[in-house]
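1. this one's structure only:
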């Protein structure tokens, strides 16, 4: 009877830990943060013997009970940047560590977070990307005359990236085509006299596509000793940068 209760508790705790880790990893959290959160949740429920191994594409988690040990693996296919969701899961983790939630309550709360849409709608994201594109022109010492061209090119580029990515699941091609659209629009604006400095417009417009968080997490994971995650995230960031650069290079070749 005690063994069955132990197995049931281990199974429930593992569900909570894996779901929390999955939500954080899919939202762009660092590898070390995901592992630390899972171990802390397990320890809060009396499971001090826990082990987690996290990569950008999967999570392996193991819990040791009185007479049994269980190990589970989950696959991570989709990853995005949603720092709000990371913050929400971190908040739930702190409540668990403070003894404010039972295992069942924590699982239900995490399921609510998974089902609830945390990200902003596509129109809002597009407007934000457009504003970012225009502001980066000013940051790179451009003139205000190029703010509107960068605003429009950045918004169109980000919208096209999101739209193409829904059709073509390979992120590289979506980023490549989006950068092509940005390069074409920037050239059109300059040729028609709407824009002045082509380089500033292009640089500002592609900034919403630049993998800044990915690069930061890659360096952080490497410094923390997570070599597999650090190198894989670095490779992904390199491919993204290569896709953006290739798209702009193609435009310069044909224009």
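-> That came in fine, so what should we check first? All of these numbers come straight from a predicted model, not from anything done at the bench.

2. Quick check: buried residues in stretch 159-173?
-> By 16 or more other CB atoms under 10 Å, the buried positions in stretch 159-173 come out as 159, 160, 161, 164, 165, 171. From N, CA and C alone the C-beta is placed, and that goes for glycine too.

3. Which residue ranges of the chain form strands?
-> 50-55, 58-64, 69-75 (DSSP state E).

4. closest one to residue 203 among those strands?
-> Relative to residue 203, the nearest member of these by CB to CB is strand 50-55, separated by 32.7 Å.

5. now the angle between strand 69-75 and the closest one, please.
-> Computed by axes from the mean of the first three to the mean of the last three CA atoms, to 10 degrees, the angle separating strand 50-55 from strand 69-75 equals 20 degrees.

6. Next, the angle from strand 50-55 to strand 58-64.
-> 170 degrees.

7. From the chain's centroid, how far away is strand 50-55?
-> On the basis of CA atoms, centre = their mean, to the nearest Å, strand 50-55 sits 19 Å off its chain's mean C-alpha point.

8. Can you get me a residue count around the residue nearest to residue 220 when sequence neighbours are not counted?
-> Spatial nearest neighbour of residue 220, chain neighbours left out: residue 30 (5.4 Å); criterion: CB to CB, 6 or more residues apart in numbering. For residue 30, the tally of surrounding residues (other CB atoms under 10 Å) stands at 23.

9. Can you name the residues that contact residue 30?
-> Counting by CB atoms under 8 Å, 6 or more residues apart in numbering, residue 30 touches 217, 220, 221, 224.

10. Now the phi/psi pair for it, please.
-> When read as degrees, to the nearest 10, the backbone of residue 30 gives phi -70, psi 150.

11. How much space separates residue 115 from residue 200?
-> Residue 115 is 43 Å from residue 200, where distance means CB to CB, to the nearest Å.

12. can you redo the contacts of residue 30 as a markdown table with distance to residue 150 and pLDDT?
-> Formatted as a markdown table, the contacts of residue 30 follow (distance: CB to CB, whole Å; pLDDT from 0 to 100):
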| residue | distance to residue 150 | pLDDT |
| --- | --- | --- |
| 217 | 27 | 84 |
| 220 | 30 | 84 |
| 221 | 32 | 84 |
| 224 | 36 | 80 |
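
13. quick one: which of these sit in helices?
-> 217, 220, 221 (DSSP state H).

14. Surely the first one and residue 27 touch.
-> No. Here residue 217 lies out of contact with residue 27, judged by CB atoms under 8 Å, at a distance of 11.5 Å.

15. neighbour-wise, which of these two wins?
-> Taking other CB under 10 Å, residue 217 and residue 27 do not tie; residue 217 has more neighbours (26 against 22).
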